[in-house]
Structures are given as structure tokens and as C-alpha cells.
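Predicted coordinates and the sequence they were generated for:
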Amino acid sequence: DMFNNLLGFFAALSKTFDGFVRGATDVLALLRSEQTAFVIVSAPDDGSTYEAMYLRQRLLDEEMNLGAWVLNRLRGDRLEPLQDREGLADRLQAAMQADARGDEPVDEDAPHSAAVEIADAALRVAEMAAEDATHAQKLSDKLAGRPLLVRVGRASVEPASLAELSRLAETLVADQSVGA
């Protein structure tokens, strides 16, 4: 009786296992189908790109379709490095107002030091933007068009809902069709 129960158990387990194998085979076929395309997303840094290149190669090895590579969070020409923008702007405005009234500013070096901070920040932003542009060009050269490289600038606020992601996707698709 125990032997029959064991045979029944293993027969049921075999059917379950066969179901898993069929399911996995179906999923793999779907992942390889022309209806499926993968989008790789990476930041413009060596570590992120290295990991994404590994994923790209694995997808190619598995004969899966690559739809696009999104190079995300590219730095542009905005003055993001300014830590205390408001304080800097207030000091510069106060110094300019005092100068316009003919008053002596409390700190006569205030306009100069504020201008130096702005210039330093602008230089840092330009350097970071140049690094990202160089990284994007090297990646574009490596990819040689497979898959399409989509460049996305750094946003002040990350998308946090499906509606925001949908709007971003529409923008990306529109931007690519204009460039095509």
C-alpha cells in the first residue's frame, strides 16, 4: 500500500514537473518572439554600462530582441551642483540692490565671491556634461546601432507613477521619430 502511494505521488510530481517544463518552454518562446523586445537602461558611468553590456550580450546569445538602450540621467547644462542656490542668489541680489542704491554693501566682496561660486558651479556642470557626452559617444560607437541608443537627460523629479512613465515614453518615442 505504501509502495502504491509512493508511485502515485511520483506520478503526480512528474505531471507537475512536465507542466513546469512546458510553461518554461512557452515563456522562453515568448521572450524570443518578434513581439517581444528588451529595453536596456543604464546611467552614463562605467559600472552601469559594464553591467548593461553584459546583459546585452546575454540577450544576444539567447537570440532575444533588443529594442533600445536608454542612456538615462545624462547631465546637461543646468547648474545642479549649486548647493545653496537660494542663499547665493539672496547674497548676490542684496549686494546688487545695495550697489543700485549707492549704499556700501555689508561685505564689499559679496558680489565677487557670489560670481566666483556661480562660475565654479558652471564649470563643474560643463565638465560633467562633457564627461557624459564622451561616455554617450563611446557607447554609441560600441553599439554600432544595435540596439538604438536613446539619450535621456537628468530630470529634476523622477517619474513616480504609471501616468508619468507613460508621458515619458510618449516623449521618447516622439523624439526618436523626429530624429529618424
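Done, it's in. Numbers count the residues shown, from 1 in each chain.

Mind jotting down where the strands sit in this protein?
Ranges of strands within the chain are 38-42, 66-74, 148-153, based on DSSP state E.

Just give me the lowest mean pLDDT stretch among the ones you listed.
For the strands of the chain, the bottom mean pLDDT is recorded on strand 148-153, which sits at a mean of 86.

Tell me if I'm right that residue 39 and residue 70 touch.
Yes - between residue 39 and residue 70 there is a contact under Cβ atoms under 8 Å: 6.2 Å. Using the backbone N, CA and C atoms, a C-beta is placed for each residue, glycine as well.

Those two - which one has more neighbours?
residue 70 (19 against 14; other Cβ atoms under 10 Å).

for the more buried one, what are its contacts?
By Cβ atoms under 8 Å, 6 or more residues apart in numbering, the contact list for residue 70 reads 39, 40, 41, 42, 150, 152, 172.

For ChimeraX, write a command that selects the buried ones of those.
Here is the ChimeraX command that selects the buried residues among the contacts of residue 70 (16 or more other Cβ atoms under 10 Å):
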select :40,42,150,152,172
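
so what's the residue nearest the centre of the chain closest to, chain neighbours aside?
By Cα atoms, centre = their mean, the mean C-alpha position of the chain lies nearest to residue 72, the distance being 2.5 Å. Nearest non-adjacent residue to residue 72, counting by Cβ to Cβ, 6 or more residues apart in numbering: residue 152, 4.9 Å away.

what stretches of this structure score poorly on pLDDT?
Along the chain, the parts satisfying pLDDT under 70 run over 17, 77-89, 91, 99-100, 102-108, 110-111, 173-180.

now with 80?
Within the chain, the stretches with pLDDT under 80 are 1-23, 76-122, 155-158, 168-180.

and residue 162, how far is that from residue 168?
Per Cβ to Cβ, to the nearest Å, residue 162 is found 11 Å from residue 168.

which one of those two has more residues nearby?
residue 168 (14 against 8).

who touches the more buried one in this structure?
residue 159.

measure it to residue 11 for me?
Using Cβ to Cβ, residue 168 is found at 51 Å from residue 11.

Buried residues in the helix ranked longest in the chain, which are they?
In the chain, taking DSSP state H as the definition, the longest helix is helix 110-143. Within helix 110-143, the residues that count as buried by 16+ other Cβ under 10 Å are 110-111, 114, 117-118, 121, 125, 128-129, 132, 135-136, 139, 143.

One more: stretch 46-60?
48, 49, 52, 53, 56, 59.
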